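K.L.:
Can you look at this prediction? I've put the sequence above it.
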Amino acid sequence: MIAQDLARSVAAFGLPGHDGPLLGDELAEPLNDDDWRKLISIVSAQRLPGYLHAAVQAGALPVTAEQREQVDDLHLRSCATALRLERILLELDTHLERAGIEFVVLKGTASAHMVHEDPSHRMFGDNDLLFRSEQFEDALGALSELGYRRATPPPTPSFARRFSKGATMHGPSGDEVDAHRNLVFGTFGFQIDLEVLFASTVAFHLGGRELRALGPETRLLHACYHAALGDPVPRLSSVRDVAQMLTTGSHDPDRLIDLAQRWRAEPVLVRSVELCRNHLGVDVGGTVVAAFEGYEPNRRERRAIASYVGTDRSFAAKVLASLPYLDGVGERVVFLRASLAPSAEFAESRTRRRGTTPLRGGLRSMLRGGRHR
């Protein structure tokens with residue numbers, strides 16, 4: 001348990017009120033070899049090398065000379081990965097600009113350069129790019145010209161253009177690009193005004209080039225979507241992003257509250273705040289948190305959250321949970337029809353990757369009332 005507790009303290013290091021000795025005065029001596037190996041393993045998996053390096057450099061964690069060397073090496077390797085991905089991002093920017101395709105940088109690189117005073121604190125493992133819906137297929141085509149290939153097929157081409165979150169693209173050098181047309185699939189994603197995302201962008205500079213990132217409010221909301229809906233047990237670096245922006249960000253609280261309400265994202269924001277408190281021990285506060293204090297998600301919202309982080313996180317569960325978030329009967333019929341009749345390639349890929357039953361059978365079973373009463 002000491003390694004897990006330490007990892008959480010590492011993830012919170014540097015936040016207001018969390019810049020002193022890790023675990024307070026409880027840890028007076030360096031960890032033994034077994035606990036140290038566990039800590040390094042968790043730090044690597046949770047993408048925390050930069051925060052661990054900062055904590056050791058500040059003297060907040062007692063270490064042996066050998067342990068310090070391991071921390072330096074881990075940090076150096078994470079920085080090398082980030083620099084390689086940033087070089088690839090600049091190449092992508094050049095190619096996409098020539099193709100006339102607009103994009104916004106999400107998550108890793110943008111968070112490192114716009115949220116942290118020291119970008120080396122924020123490790124990331126891929127490039128996340130947001131494209132306009134009307135340019136999405138052209139963007140995938142431009143990426144394929146560079147040797148990128150789609151990891152999995154879409155249910156149908158029309159589904160991909162109209163309803164999908166995006167596509168994961170594998171590059172020729174082993175890198176990965178997550179091409180987004182939305183911040184999240186289904187439910188809450190259907191409430192996001194995609195035009196607002198592009199209208200809110202701000203510039204940052206990388207390698208002498210100007211790139212675009214989401215503005216402070218939409219960037220924080222994206223961090224909340226990712227932390228609250230990404231995995232049942234979120235990565236600590238994702239929760240740190242939320243805590244970092246809530247406690248030190250430059251967002252306009254009133255604008256953020258307005259967006260969360262218009263996009264029906266209140267339960268997402270509430271869950272993100274709970275994650276900051278439970279996983280990092282960070283008692284985030286302020287105007288935004290106070291505005292939703294005591295908010296209780298209704299049945300529809302609980303079902304929507306559960307389709308991402310509950311025991312049944314199947315595509316079929318997400319489809320059914322998404323129906324109340326679509327506008328009008330016509331839109332729901334189109335969405336259901338596209339979901340019930342996916343391409344053979346999509347159905348085969350789902351079965352092969354997850355051992356799931358065919359999508360149509362799963363949806364029909366759930367529609368008969370089995371799983372979500």
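P.N.:
Received, thanks.

K.L.:
Verify the assumption that Gly50 is located in a helix.
P.N.:
Yes: if the criterion is DSSP: H, G, I helix; E, B strand; the rest coil, then Gly50 is within a helix.

K.L.:
how about low-confidence regions in this protein?
P.N.:
24-26, 342-373 (pLDDT under 70).

K.L.:
how about 80 then?
P.N.:
Applying pLDDT under 80 to the chain flags the ranges 1, 19-20, 23-27, 154-161, 249, 338, 340-373.

K.L.:
remind me, longest helix of it?
P.N.:
Looking across the chain with DSSP state H, the single longest helix is helix 65-98.

K.L.:
Who are the packing partners of the helix or strand immediately after that one in the chain?
P.N.:
Counting by DSSP states H and E, the next helix or strand C-terminal to helix 65-98 is strand 103-106. If contacts are counted by 3 or more C-beta pairs under 8 Å, 6 or more residues apart in numbering; DSSP states H and E, strand 103-106 sits against strand 127-131, strand 209-213. Yep, even glycine has a C-beta here, placed from its N, CA and C like the rest.

K.L.:
Run a quick check on Arg262 versus Phe188, I expect a contact.
P.N.:
No: judged on C-beta atoms under 8 Å, Arg262 makes no contact with Phe188 at a distance of 11.7 Å.

K.L.:
what's the closest residue to Gly207 other than its chain neighbours in contact with, if anything?
P.N.:
Using C-beta to C-beta, 6 or more residues apart in numbering and skipping residues adjacent in sequence, the residue nearest Gly207 is Leu90, 5.0 Å away. Taking C-beta atoms under 8 Å, 6 or more residues apart in numbering, we find Leu90 in contact with 206-207, 209.

K.L.:
Make a ChimeraX selection of the buried ones in those residues.
P.N.:
Buried residues among the contacts of Leu90 (16 or more other C-beta atoms under 10 Å), as a ChimeraX selection:
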select :206
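
K.L.:
could the contacts of Leu90 be laid out in CSV, adding distance to Pro154?
P.N.:
Listed next are the contacts of Leu90 as CSV, based on distance: C-beta to C-beta, whole Å:
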residue, distance to Pro154
Leu206, 30
Gly207, 33
Arg209, 31
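
K.L.:
separation between the nearest residue to Ala228 once chain neighbours are set aside and Val71?
P.N.:
In this structure, Ala228 finds its nearest non-sequential neighbour in Arg271, 4.2 Å apart by C-beta to C-beta, 6+ apart. Plainly put, Arg271 is 32 Å away from Val71 if you go by C-beta to C-beta, to the nearest Å.
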